[in-house]
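Enquirer: Dropping a prediction and its sequence here:
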Amino acid sequence: MKLNEAKEKFIQTWGSLASSWGINRTMAMVHALLLVSETPLSTDEIMETLLISRGNANMNIRELMGWGIVRKELKMGERKEFFVADKDIWNVFKQIVKERRKRELEPVIASIEELKKVDNGNGEAGEFLALMDSLLHVTTKASVLLDLAVKSDENWLMSKLLKLIK
């Protein structure tokens, strides 16, 4: 397989995998393209390579920048903006975990805490409150675990995971 074919396959695969993780396919493909590019790319180059519209390219680039895994780079003498992905995959993993925790887990925890404020005047809410306590316990533990992953270095986390598996 030639390098260009391998890059195209990686971009397609990264996009397909992202869909199963609940991430926009095109956003993942833009990210993959920037990961495999040796040089920063302009919006026009991203549009041309992935055959997407300017609006789609701009929206996904901004979202990737919001996630903290793509940054803008300026080139002297160029009016265009260029974009580059963080190629340290451990940093990318930690940043994605941090963002998903903030966007998905923290709202669940806040919602459960709100639901726990149910009126238990006649004692009928006991089972519901027990369920909310259990859900809060699990989601809080998951949040702590994800926080440890974000704050750890790769070797520490991998050694802990390997100990858990054994």
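Expert: Perfect, I can see it now. Numbers count the residues shown, from 1 in each chain.

Enquirer: where does Phe82 fall, phi/psi-wise?
Expert: The phi and psi values for Phe82, taken as degrees, to the nearest 10, are phi -120, psi 150.

Enquirer: Mind pulling up the pLDDT for it?
Expert: We have a pLDDT of 97 for Phe82.

Enquirer: so it bridges to which residues?
Expert: Ser42, Glu73 (DSSP bridges).

Enquirer: count of neighbours near it?
Expert: 17 (other C-beta atoms under 10 Å). For every residue, glycine as well, the C-beta is placed using N, CA and C.

Enquirer: show me the contacts for Ser16.
Expert: Ser16 sits next to Arg25 when contact means C-beta atoms under 8 Å, 6 or more residues apart in numbering.

Enquirer: for the helix or strand that contains it, what is the average pLDDT?
Expert: Here Ser16 sits within helix 3-20, counting by DSSP states H and E. The average pLDDT within helix 3-20 is 90.

Enquirer: ditto for stretch 111-125
Expert: For stretch 111-125, mean pLDDT rounds to 82.

Enquirer: show me the contacts for the residue sitting nearest the centre point of the chain.
Expert: Nearest to the geometric centre of the chain sits Ile96, at 3.1 Å (C-alpha atoms, centre = their mean). Residues near Ile96 by C-beta under 8 Å, 6+ apart: Trp67, Ile69.

Enquirer: ok, now how distant is it from Met47?
Expert: Going from Ile96 to Met47 by C-beta to C-beta, to the nearest Å gives 24 Å.

Enquirer: surely Trp74 meets Phe83?
Expert: Actually, residue 74 is Leu rather than Trp. No - contact criterion C-beta atoms under 8 Å: Leu74 and Phe83 do not qualify, at 10.7 Å.

Enquirer: Looking at those two, which one has more neighbours?
Expert: Shown here are Leu74 and Phe83; by other C-beta under 10 Å, Phe83 has more neighbours (22 against 11).

Enquirer: From Glu106, how far out is that one?
Expert: According to C-beta to C-beta, Phe83 stands 28 Å off from Glu106.

Enquirer: on that earlier part again, in three-state terms, label the residue nearest to the centre of the chain for me.
Expert: helix (DSSP: H, G, I helix; E, B strand; the rest coil).

Enquirer: ok, then the element right after the helix holding Ser16?
Expert: Per DSSP H and E, helix 3-20 leads on to helix 25-36 as the next helix or strand towards the C-terminus.
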